[in-house]
Every structure is written in structure tokens, then in C-alpha cells.
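> Build the 3D model from these lines:
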Amino acid sequence: MTESSPPVTEQTAVNSEADRSAKARQLLGMKGATSGDTNIWKIRLQLMKPITWIPLIWGVLCGAASSGHYTWNLENVLVAAACMLMSGPLLAGYTQTINDFYDRHIDAINEPYRPIPSGAISIPQVAVQILVLLFAGIGVAYALDQWAGHEFPILTALAVGGSFLSYIYSAPPLKLKQNGWLGNYALGASYIALPWWAGHALFGELNWKIVVLTLFYSLSGLGIAVVNDFKSVEGDRQLGLKSLPVMFGIEKAAWICVLMIDIFQAGVAAYLMSVGQNLYATILLLFIVPQITFQDMYFLRNPLENDVKYQASAQPFLVFGMLVTGIALGHVGG
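Numbering: from 1, shown residues only. Next comes the predicted model:
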């Protein structure tokens, strides 16, 4: 007599789907993962939080568009891809790894399934990963400077400066993230301005207008950065970190967050109108409307439970608005 396999019940299927979802979230570095993975390369990838690479990769594309000199040929595509590799997997991966290293005590409270507090990877292994990603990112930046023929290695300078900003964001004694305003603005600028500058400088000439406008745009990024603080409010409160949800409370911080996101995008639209790019300004304003809708539907009603759902639904409109802005700036010569 042969043994029959146990029947696959509806609950078994649900549990299996939930397990796959948790593993995917773990690999991407998202909230709500589970521990238990023993593959060292998957653990290393989890430390690098691939989900965070997307805005930096997109920022390079926006910068290339705003330069007004990007053309679609194989060489430019490959060079842009190398710049995206530098900004996303390498330097954003470095940023996330070093942040997890210095946040391991907070993560032990908020996210104990993370690789370091769970013991899935050793401290020496983390240190090696930090150094490899850092020097690889700077090396790619230098190679891009050589390709572009820059007299001053601006991409290398941006890579070094951005890496230093990442370090002081996470590491004592400065640890910028201890201050909700300064830390979140540093994060917002790292995700919007820095990759934008890299893409623009690679194909054009970086100028003060682009620098100032993208730093202004980064104030919307500050609002996005605040969204991430809601998931760690308890640990931040216990360890004395002054995130906006800790300083102002959940409800007020949620309002600060959404107002920052909306107002500064509208400010960029106003600038586009002032330089005669009315169509692009209108498109940017239209992208803000669904963001406001999702803010009301999800985030303002329960930021602790709906932070990921809100980001998934509203953030695409923010990043498409960035590209619209980049294209508009390309039309007016940056």
C-alpha cells in the first residue's frame, strides 16, 4: 500500500503564499519579513535592501533627461546603466548596509529578523561588504569620469561626498538620523538630488540651477523619508532618537509628511511654469492629485499600518513627476 500525500487545503495554500511573500519581502529588505534564510548571498542582498535602489536608479534617468544631451544609442545606454549600478546596487547598497550595522541595536527592537540582530551574518562579514561596495562604487564613478572626459572628476567627487553623507547619517558622533529634520532631509537629498546630479553631469554640465532645484525637490523626499520612521517609532522612542513621529506624535507627523510631499512638488511645478514649460508643469500637478487621494485613503488614517501600502500606491506618481521635470528642464537647457 502506498502512502498518499496529505491533501492541500485552502489554509495550506494561504500559508504557503504568505511564506513566499515573507521571503520575497525579506530578500528585498522590506518590513514584515521573517528570519530563517541561511544562504549568505541572499542575506547579503537583504542587507543591501534592493527595494531602495529604485529611486536612485530613476534619479540617474531624470538627471540624464535634464542634461538635454542624452541620446538613445547603445553606448549611452550602457554608460547610463553603469551610473545606475553605481548609484543603486553599489552606493545605495553600501548606505543600507552601513545603516544596518549602526542600527543593529534599534533593529533588535523594531525588526529582529534583520540579518545582523538575528545573527544570520557576522560583524566581520558585514564590514567586508561595506568596504567592497564603497570602493566598487567609487571605482565605477572614476571610470565614468574618464569616459565623459571630465577635467574635474565630478562623479567621483559625488560618490565620495554621498558616501561620506551616508556615513555621518548612520554613524556616531554626528548620526544625522538622530535629528528628524536634518536626517530625513539628508536622506531625501541622497535619493533625489545626488543621483540626479550624477546623471546630469555624466551627459551634460552640472549647473547651479539644477543643484538648487533638485535640493528644493529633495524637500519632497524628506516627506517620503519620514514615512519610513513610522515603522520604527517604538525603538526610536526607547533609544532617544528624535524622529518626527517621536517629536510630534503619529498624527501630526503624518500631516507634516504629506504636506512636505505635496507642497514642494507644487513648488517645482510653479518653477516650470515660470520658465514656460506649462504642459510639463500641468502634468506634474496632475500627478500630485492621486498622491493626495492615497494619502487620505491610507496614510493619514493609519500611518503605522498603511505605510507600505501608501508607498506602493502613491510613490510611482512622485517618481514619474520627477522624470517629467527632468524632461522639461532638458528642453530649457537645464
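
> Tell me where the stretch 151-300 of the chain has helices.
154-170, 180-191, 193-203, 208-227, 233-239, 244-248, 250-274, 278-294 (DSSP state H, counting those that start in this stretch).

> Which of those helices has the lowest mean pLDDT?
Confidence, taken as mean pLDDT, is least for helix 233-239 of these (a mean of 80).

> next one: that one to chain centre, how far?
22 Å (Cα atoms, centre = their mean, to the nearest Å).

> what does stretch 215-232 give?
On Cα atoms, centre = their mean, the centre of stretch 215-232 falls 10 Å from the chain's centre.

> Neighbours of the nearest residue to residue 325 once chain neighbours are set aside, how many?
Once flanking residues are discounted, residue 325 sits nearest to residue 268: 5.8 Å by Cβ to Cβ, 6 or more residues apart in numbering. No exception for glycine: its C-beta is placed from N, CA and C like everyone else's. Neighbour count of residue 268, defined by other Cβ atoms under 10 Å: 24.

> looking at the helices of the stretch 151-300 of the chain, which is closest to residue 106?
helix 233-239 (4.5 Å; Cβ to Cβ).

> ok, and what's touching that closest one?
By Cβ atoms under 8 Å, 6 or more residues apart in numbering, the residues outside helix 233-239 that reach it are 105-107, 109-110, 229, 241-243, 245-246, 250, 304.

> Can I get the buried part of these as one PyMOL selection?
In PyMOL, a selection of the buried entries from those looks like this (16 or more other Cβ atoms under 10 Å):
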select buried, resi 106+107+110+229+241+243+245+246
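
> Looking at the contacts of helix 233-239, which two lie furthest apart in space?
Every pair of the contacts of helix 233-239 checked by Cβ to Cβ; the farthest is 105 and 250, at 23.0 Å.

> quick one: buried residues of stretch 222-242?
So for stretch 222-242, counting by 16+ other Cβ under 10 Å, buried means 222-233, 235-236, 241.

> how near is residue 125 to residue 259?
42 Å (Cβ to Cβ, to the nearest Å).

> Please apply the same query to residue 209.
Distance from residue 209 to residue 259, by Cβ to Cβ: 25 Å.

> neighbour count winner among the two?
residue 209 (15 against 12).

> Can you tell me the centre-most residue of this structure?
Centroid-nearest residue in the chain: residue 52, 4.1 Å away (criterion: Cα atoms, centre = their mean).

> re earlier: can I get the contacts of helix 233-239 in CSV including distance to residue 142?
Formatted as CSV, the contacts of helix 233-239 follow (distance: Cβ to Cβ, whole Å):
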residue, distance to residue 142
105, 35
106, 34
107, 33
109, 40
110, 37
229, 35
241, 35
242, 37
243, 36
245, 40
246, 40
250, 45
304, 43
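
> Next, the distance between the ends of stretch 197-208.
By Cα to Cα, to the nearest Å, the extent of stretch 197-208 from end to end equals 10 Å.

> Pull out the buried residues from that stretch.
Quick answer for stretch 197-208 (16+ other Cβ under 10 Å): 197-204, 206.

> For residue 56, state which of the residues you listed is nearest.
Nearest to residue 56 among these: residue 198, at 9.0 Å, using Cβ to Cβ.

> thought the closest one was touching residue 87?
Yes - counting by Cβ atoms under 8 Å, residue 87 is a contact partner of residue 198 at 6.0 Å.

> Quick check: neighbours shared by the two?
With Cβ under 8 Å, 6+ apart, residue 198 and residue 87 have common neighbours 59-60.

> Distance of the nearest residue in space to residue 272 that is not next to it in sequence relative to residue 208?
In space, residue 272 comes closest to residue 281 once its chain neighbours are excluded; the distance is 3.8 Å by Cβ to Cβ, 6+ apart. Remark: distance between residue 281 and residue 208 (Cβ to Cβ) = 21 Å.
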